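J.: Need a 3D model of the sequence below.
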Amino acid sequence: MASHGLFLSKDQFQCCICQDVFSEPVSIPCGHSFCFTCITAHWEGRLSINCPKCHTEYKVCPELCENSFAKEIGQVFSALIRSIERSRAELVEVIQKKQAAAEMRARRLIAGLETEISELQRRKRELEQLFHHEDHLHVLQSFPAVSSLPSTEDSSNVLVHSETCLGTIRRAVADIRERLQLQLEKLSSRGLKVNIPLTANPWLVLSEDGRQVQDGDVMRNVADLPERFDKAPCVLALMGFTTGRRYWEVHVGGKTAWDLGVARASVRRKGAVTLSPDEGFWTVCLRKGAELWACAGEAELLCVSKRPKVIGVFLDYEDGVVSFYNAETGSHIYSFTGFHFTEAIFPFFNPDTNENGTNKLPLTIQPVKKHIFGTDLEDITI
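T.: Sure thing, here's the model as predicted:
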């Protein structure tokens, strides 16, 4: 979820099949979500099962998991629409009342002006008749009475107050916008509260808000799903990317070993994992508390003046670039360039084992404080 805070894209509350707000949203292993009825109808009778969004193919029909976050987003979005409709109806009623009052006043003013015009026309006729009178003494005696202007209502202050109605509209729209922004900020502040994702290694422990991951020392009793890393202590973020520039930051602190980067949706999950672009991983790693390596096929030892405590990860999907930065100093660490991504790319995390307590600290996704490279700032959760 992007931020402006944070920004909510329509993919987070709209099904790409029916183009409507999610109804009973479910997620498939590649991370995309659809309405339950839409995805089941889409796959019904097909020989080839794939994701309608990123076209990841599956040999068998994958397990559909309820996406409680998308469901909540849809409910909040629908509530906002209803609130806006109510506000629109209230605004229309206010405008209609203002219009009726203005029309009534205008009718009164027009009636008064028509009366004044009739009186002036009567005086004009009387003057014309008087000046055609042959008795000049009568003219001199009558002229003061007919020459004085009739009393009229002062209409100099009568204005068409177009700004009055426009001001009412602006205030109402501003009120709607403020309420909508408050709802979105409230939703963004909650973040993506998710269950432990299907990819997490059984030894890993994730925080309830999905922002921290660490070795838990104890193997959890979870299903051995095809999507789950069974040997390597790894996990992918809940949501992947198929377009755009993305940036997020991970606090590694004083950990002595970790792996960070991105992975494509179809990476190997079972057995030993080899971190290299050929295997679908673009990562850097820390070993022995001080050695920073780029996992570029043949591992490349990186020369850094100071061990970073916060790693910034930059992904440019269209240009095929993955870069790493010391987020505290802004210095560049390493870049993978010249790649062509054809499927969803997911943030990748490996907090490594505890090593007898020396590496117990978690990897923590932290908020990004400023825009970098014109990117969308991602509110990543695991």
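J.: where does this structure have low pLDDT?
T.: Within the chain, the set of residues satisfying pLDDT under 70 comprises 1-12, 70, 130-196, 370-379.
J.: Please parse it into its domains.
T.: Per the record, the chain has its domains at 10-66, 71-190, 204-377, by automatic domain parsing.
J.: Nearest to residue 197, out of the ones you listed?
T.: domain 204-377 (5.4 Å; CB to CB). In short, each C-beta sits where N, CA and C put it, glycine included.
J.: Tell me how far the closest one lies from the chain's centre.
T.: Distance of domain 204-377 from the chain centroid (CA atoms, centre = their mean, to the nearest Å) equals 24 Å.
J.: What of stretch 77-93?
T.: The answer for stretch 77-93 is 20 Å, by CA atoms, centre = their mean.
J.: then it to CSV, C-alphas only?
T.: Extracted in CSV, the C-alpha atoms of stretch 77-93 (Å, rounded to 0.1, in the frame of the first residue of the first chain):
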residue,chain,number,x,y,z
PHE,A,77,-14.9,1.5,0.5
SER,A,78,-18.6,0.5,0.2
ALA,A,79,-19.3,2.4,3.4
LEU,A,80,-17.5,5.5,2.0
ILE,A,81,-19.5,5.3,-1.1
ARG,A,82,-22.7,5.1,0.9
SER,A,83,-21.5,8.1,3.0
ILE,A,84,-20.7,10.1,-0.1
GLU,A,85,-24.2,9.3,-1.6
ARG,A,86,-25.8,10.5,1.6
SER,A,87,-23.7,13.6,1.6
ARG,A,88,-24.6,14.1,-2.1
ALA,A,89,-28.3,13.8,-1.3
GLU,A,90,-28.0,16.3,1.6
LEU,A,91,-26.0,18.7,-0.7
VAL,A,92,-28.7,18.4,-3.4
GLU,A,93,-31.4,19.2,-0.8
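J.: Next, the buried residues of that stretch.
T.: For stretch 77-93, burial by neighbour count (16 or more other CB atoms under 10 Å) applies to 77, 80, 87, 91.
J.: Now intersect these with the helices, please.
T.: Counting by DSSP state H, these place 77, 80, 87, 91 in helices.
J.: How about the contacts made by the residue nearest to the first one when sequence neighbours are not counted?
T.: The reference is to residue 77. Nearest residue to residue 77 in three dimensions, chain neighbours excluded: residue 13, at 4.9 Å (CB to CB, 6 or more residues apart in numbering). Shown in contact with residue 13 (CB atoms under 8 Å, 6 or more residues apart in numbering): 21, 22, 70, 73, 74, 77.
J.: Which member of those is positioned nearest residue 274?
T.: residue 70 (33.3 Å).
J.: Can you mark which positions in stretch 36-52 are buried?
T.: Neighbour-count burial for stretch 36-52 [16+ other CB under 10 Å]: 36, 38, 39, 42, 43, 51.
J.: Return the distance of the third one relative to residue 223.
T.: Between residue 39 and residue 223 the computed distance is 21 Å (CB to CB, to the nearest Å).
J.: And the second one, by the same measure?
T.: Summarising the geometry, the distance separating residue 38 from residue 223, computed by CB to CB, is 25 Å.
J.: ditto for the first one
T.: Taking CB to CB as the measure, residue 36 and residue 223 are separated by 20 Å.
J.: what's the answer for residue 92, then?
T.: In terms of CB to CB, residue 92 sits 54 Å off from residue 223.
J.: one step back: any chance of the domains of the chain in CSV with distance to residue 198 as columns?
T.: Output for these, formatted as CSV (distance: least, CB to CB, whole Å):
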stretch, distance to residue 198
domain 10-66, 7
domain 71-190, 17
domain 204-377, 4
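J.: what's the spacing between residue 36 and residue 65?
T.: Counting by CB to CB, the gap from residue 36 to residue 65 is 11 Å.
J.: Touching both of these two, which residues are there?
T.: residue 26.
J.: For this structure, just list every one of the helices.
T.: 36-43, 68-131, 136-147, 162-190.
J.: which residues touch residue 271?
T.: 230, 231.
J.: Residue 251 and residue 326: what is the separation?
T.: 12 Å.
J.: Quick check: neighbours shared by these two?
T.: Common neighbours of residue 251 and residue 326 (CB under 8 Å, 6+ apart) are residue 310.
J.: ok, and what's touching stretch 216-229?
T.: 29, 63, 196, 198-205, 230, 235, 269-270, 273, 354.
J.: buried ones in stretch 210-226?
T.: 210, 211, 212, 213, 214, 215, 216.
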